[in-house]
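> Starting from these lines, generate the structure:
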Amino acid sequence: MPTPKDILNTMMAKDYFSQWLGIEVLEIGEGTCKLKMQIKKEMLNGFGIAHGGIAYSFADSALAFASNSYGQKAVSIETSISHLVSLVENDIIIAEVFQQSNGNKIAIYTIEIVNETTDNKVALFKGTVYKTDKNW
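Residues are numbered from 1 along each chain as shown. The predicted structure is shown next:
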């Protein structure tokens, strides 16, 4: 049976968007993970702040890695985000995943994104995943 790290490495090898984001894995375990990335100039919108899709995508990657970490392939079926504070170029952000429930077919997670530079919580993400019958 592959470990959570093995699964994450397999996923990341073909996850070109997460690679483009510059995601660094700080921790990975069953049902959890912690990621880090830096806001780049090409991630900014016309207001000079990070496009909302950047924090969303960052959290979505964290959800994917954590929810697949048990070895059973899982896909998101519902997600949402609340943006609390804007991000600017060179901000370093951390995403941490918290598993809220883990049923036979459905699991629910929350992801908190914190600006490491200011220590402000910048976004809250909630994701529901469907666990398929396929294994890694």
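
> so who does the residue lying closest to Asn102 once chain neighbours are set aside touch?
Closest residue in space to Asn102, ignoring its immediate chain neighbours: Gly31 at 6.4 Å, by Cβ to Cβ, 6 or more residues apart in numbering. Quick note: C-beta positions are derived from backbone N, CA and C, even for glycine. Taking Cβ atoms under 8 Å, 6 or more residues apart in numbering as the criterion, Gly31 is in contact with Ala66, Ser67, Ser69, Tyr70, Val97, Gln99, Asn102, Ala107, Tyr109.

> All the helices of the chain, residue numbers only.
4-14, 16-21, 52-67 (DSSP state H).

> Pull up the gap between the nearest residue to Ile92 once chain neighbours are set aside and Ile106, please.
Once flanking residues are discounted, Ile92 sits nearest to Glu116: 4.2 Å by Cβ to Cβ, 6+ apart. Distance of Glu116 to Ile106, computed by Cβ to Cβ, to the nearest Å: 32 Å.

> before we move on, what about Glu30?
Plainly put, Glu30 is 17 Å away from Ile106 if you go by Cβ to Cβ.

> Kindly report the same for Leu84.
Leu84 is 27 Å from Ile106, by Cβ to Cβ.
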